[in-house]
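Undergrad: Pasted the sequence and its predicted model underneath.
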Amino acid sequence: MEKPGMTDLLTAEEEKIRNELRADMDIDQNRRQSVERLKSQYSDLLLRYNAMNGGDRVRQAMADCLTATAQDGLSLLMAGQAKKEIAKRKLQPGAVIGLLMSVIFCLLAALLVQKTFIAGCVCVVCAVFCAFLSGRLWYGERSVKVRTEIDADSVWNTLRKTAGTMDRKIAEFCSLAEGWEKEAAEKNAPQKEKVFDESELKLFGDLLEALYADNGDYALRQLKQVRAFLRAQGIELRDYTPGEEELFELLPTKNASATQRPALLKGESLLLVGRATEHIR
């Protein structure tokens, strides 16, 4: 059974992570708290992943490296800044009308105050009231408070994508590590001793017997067995013929062309270059 990866372990906590992020933004309104929560989630994810891959030190080390990188990257969520925005109001027609009415009432108050004091006072009150309304509607500035927050859905999608990338990179690295271990093992493995079968030992024994006996005729008879022995090993003996010069070391001669040593081939591979003489006019 295949062990769960980072993505599987993270998906199991999807609902919990989404709800906590939404609570941080809607209730606590604390973005730093969300960042610390996500870092803690990565730490918990690493602990569970390593527990399921106990004994695989390469996989655990790679997971630790990638998790530490992802945790440090979460600090980018705090890189944004919230600034106070200044928005200008549009000039309202009522402000101009209120100002004109205030001027008119002031003029009326100046004209009526000498004749009827009460009427002049009423005009003054109306002028003040119109001026107040005009001021309220007049062109001005207002400040708007801006608050930045983390989108829970976007953060979750990023976390899941990051976990998928971590799974893929861990698998690739472990595959490379296995290849490196096999290459090192093959390179450092002791060479296996050559084991000769009975026919090989008999051939070598006959040749050595001919050598020790110092009997040329007997030695030549035994050497004839070499051709059959090599063919039994799948090795072809190729004599020199025109057109196969690349298989031979050629020596010039005034006599007829002849093979001094056959070329040894196994399949398409040349095991030993032959030697031959080539007639030169």
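TA: Alright, I've got the coordinates.
Undergrad: where exactly do the strands run in the stretch 1-150 of the chain?
TA: Using DSSP state E, counting those that start in this stretch, the strands of the stretch 1-150 of the chain run over 85-88, 141-144.
Undergrad: I'd like the average pLDDT over the first one.
TA: For strand 85-88, the mean pLDDT works out to 58.
Undergrad: same question, stretch 17-24
TA: The pLDDT scores in stretch 17-24 average 86.
Undergrad: Now that stretch: buried residues?
TA: Residues of stretch 17-24 classed as buried: 17, 20-22, 24 (neighbour count, 16 or more other CB atoms under 10 Å). Quick note: C-beta positions are derived from backbone N, CA and C, even for glycine.
Undergrad: which residues touch it?
TA: 10, 30-31, 33-34, 37-38, 41, 150, 152-153, 155-156, 159 (CB atoms under 8 Å, 6 or more residues apart in numbering).
Undergrad: Grab the two from these that are most spread out in space.
TA: 10 and 30 (22.6 Å; CB to CB).
Undergrad: Between the two, which has more neighbouring residues?
TA: residue 10 (25 against 15; other CB atoms under 10 Å).
Undergrad: Apart from its neighbours in sequence, what residue is nearest the more buried one?
TA: Once its chain neighbours are removed from consideration, residue 10 has its nearest residue in residue 163; the separation is 4.7 Å (CB to CB, 6 or more residues apart in numbering).
Undergrad: Isn't the one you found up against residue 4?
TA: No: shown here, residue 163 and residue 4 do not form a contact pair, counting by CB atoms under 8 Å, at 11.0 Å.
Undergrad: which of the two has more neighbours?
TA: Between residue 163 and residue 4, counting by other CB under 10 Å, residue 163 is the more crowded of the two (23 against 16).
Undergrad: Could you tell me how far the more buried one is located from residue 41?
TA: Here residue 163 is placed at a distance of 11 Å from residue 41 (CB to CB, to the nearest Å).
Undergrad: Please report phi then psi for the residue lying farthest from the centre of the chain.
TA: Within the chain, the residue lying farthest from the chain centre (CA atoms, centre = their mean) is residue 115, at 92.5 Å. As for residue 115, its main-chain torsions (degrees, to the nearest 10) stand at phi -90, psi -50.
Undergrad: show me where pLDDT drops low in the stretch 151-281 of the chain?
TA: 189-196, 281 (pLDDT under 70).
Undergrad: now, which of the contacts of stretch 17-24 lie within helices?
TA: 10, 31, 33-34, 37-38, 41, 152-153, 155-156, 159 (DSSP state H).
Undergrad: Just the buried ones from the residues you listed?
TA: 10, 31, 33-34, 37-38, 41, 152, 155-156, 159.
Undergrad: could these go into TSV alongside distance to residue 100?
TA: Shown next, in TSV, are those (distance: CB to CB, whole Å):
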residue	distance to residue 100
10	68
31	50
33	55
34	55
37	60
38	60
41	65
152	54
155	56
156	59
159	62
